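The sequence isn't on hand, but the structure is:
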């Protein structure tokens, strides 16, 4: 195994929080111990470090040896995977278990592994990395009941990689299942907040697409869960009332809001974002809409 590992190079980076940095450092030490070349890009903001890893992996695809893959870490592992995936040919996947890693390699040919500093122990993370390294594309995996894929599924997997690589090149691919899924995604209105709509795409941990029209306001509220969001398009301002902090977000920006923190939001443009949280959805309002508008006006005049 050590000899074959000479053909792989890992480019790594972590968000600038203690748990993510510590987990990345442990994993890089493990990779070096099994004779894998690593390049540590250091620790920075979640989006910039993940984007740099994604860019480097994407640029390496035209070369044959060594094979370059990426390793990124943040609190949940979600934000860094989204930003790494902005680059052509990059298939970044957040893996919380070794089975996730085997599935990601077998089904998606994942070339960037995203790990969670909050939810993954060092022991589990090492098992995840080992599984991710040792699993070839289209190999038997938990999703196939650890059996060889049927020929028709192998053909589908091969075609899916070609279709995904074309996304964003001169418009959507008309016969691409992924493009069609996004195009036909229907968001349902959020009755509690005018102007908002939401589509939950995964349960526990829960992921959702959320959209608000320009001018909409979310009155100050809190959730029992922490949540991470990435702005897909648009512009919004978030006031963390608990911490007395303001964040002005636009396309591509990432924000994490701890559970229990009271926050208020103003949408300056039609805005869509992706959000992830653990557990069932809940919301507790700390003010009404009129009070929220008065507070925002006061902030803008200050």
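Perfect, thanks for sending it. From a predicted model like this one, the values you see are computed outputs, not experimental measurements. Residues are numbered from 1 along each chain as shown.

Show residues contacting the strand or helix carrying residue 220.
Here residue 220, judged by DSSP states H and E, is contained in strand 217-222. Applying CB atoms under 8 Å, 6 or more residues apart in numbering, the contact partners of strand 217-222 are 193, 195-196, 212, 239, 241-242, 259-267, 283-289, 291-293, 295-296. Placement of C-beta: from N, CA and C, glycine included.

right, and the helix or strand after it?
Heading C-terminal from strand 217-222 (DSSP H and E), you reach strand 227-233.

for that following strand, what is the average pLDDT?
For strand 227-233, mean pLDDT rounds to 93.

What of stretch 244-260?
93.

And residue 82, how far from residue 234?
16 Å (CB to CB, to the nearest Å).

Compare neighbour counts for these two and give me the winner.
When residue 82 and residue 234 are compared on other CB atoms under 10 Å, the one with more neighbours turns out to be residue 82, at 23 against 19.

Report the helix or strand with the lowest average pLDDT across the chain.
Using mean pLDDT, DSSP states H and E, the weakest-scoring helix or strand in the chain turns out to be helix 177-183, at a mean of 50.

Not counting whichever helix or strand comes after it itself, show me its contacts.
Using DSSP H and E, the next helix or strand after helix 177-183 towards the C-terminus is strand 188-189. For strand 188-189, contacts defined as CB under 8 Å, 6+ apart pick out 196, 197, 198, 199.

Nearest to residue 127 among the residues you listed?
residue 199 (33.4 Å; CB to CB).

Name every strand pairing with the helix or strand the closest one falls within and say which way it goes.
Applying DSSP H and E as the criterion places residue 199 in strand 196-202. Strand pairing for strand 196-202, using DSSP bridges, gives strand 188-189 (antiparallel), strand 206-212 (antiparallel).

Of these, which stretch is the most buried?
Most buried of the strands paired with strand 196-202, by mean neighbour count (mean count of other CB atoms under 10 Å): strand 206-212, with a mean of 19.

Now for residue 47, how many residues are close by?
By other CB under 10 Å, 20 other residues sit near residue 47.

about what we covered before: of the strands paired with strand 196-202, which approaches residue 9 most closely?
strand 206-212 (31.0 Å).

Show me what the closest one is in contact with.
By CB under 8 Å, 6+ apart, strand 206-212 touches 185, 187, 190, 193, 195-201, 218, 229, 232, 234, 236, 265, 267, 270-281.

tell me the angle of it relative to strand 217-222?
150 degrees (axes from the mean of the first three to the mean of the last three CA atoms, to 10 degrees).

tell me the angle strand 206-212 makes with strand 227-233.
Using the same axes, to 10 degrees, strand 206-212 lies at 40 degrees relative to strand 227-233.

can you start the count at 35 instead of 1 from here on
Done: numbering now begins at 35, and the last item shifts to strand 240-246.

coming back round to it: may I have the strands that pair with the strand holding residue 254, each with its orientation?
Counting by DSSP bridges, strand 251-256 is paired with strand 297-301 (antiparallel), strand 318-319 (antiparallel).

In TSV: these, plus mean pLDDT, distance to residue 136 and mean neighbour count.
Shown next, in TSV, are the strands paired with strand 251-256 (pLDDT from 0 to 100; distance: least, CB to CB, whole Å; neighbours: other CB atoms under 10 Å):
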stretch	mean pLDDT	distance to residue 136	mean neighbour count
strand 297-301	96	38	22
strand 318-319	93	40	13
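
Include distance to residue 137 when you put those into JSON lines, please.
Shown next, in JSON lines, are the strands paired with strand 251-256 (distance: least, CB to CB, whole Å):
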{"stretch": "strand 297-301", "distance to residue 137": "35"}
{"stretch": "strand 318-319", "distance to residue 137": "36"}
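
Residue 48: which of those strands is closest?
strand 297-301 (25.6 Å).

gap between the closest one and the chain center?
22 Å (CA atoms, centre = their mean, to the nearest Å).

if we look at it, which residues are touching it?
Outside strand 297-301, the residues touching it (CB under 8 Å, 6+ apart) are 229, 246-256, 268-276, 291, 321, 326, 329-330.

next one: stretch 263-283
113, 116-117, 243-244, 246, 254, 256, 284-291, 294-310, 320, 329-330, 333.

Sort out for me which of these are in helices.
113, 116, 117, 329, 330, 333 (DSSP state H).

Which members of these are classed as buried?
113, 116, 117, 329, 330 (16 or more other CB atoms under 10 Å).

hmm, back to that, can you give the distance of the strand holding residue 254 from its chain's centre?
On CA atoms, centre = their mean, the centre of strand 251-256 falls 24 Å from that of its chain.

Quickly note the distance from the most centrally placed residue in the chain to residue 74.
The centroid of the chain falls nearest to residue 112 when counting by CA atoms, centre = their mean (3.0 Å). Distance, residue 112 to residue 74, using CB to CB: 22 Å.
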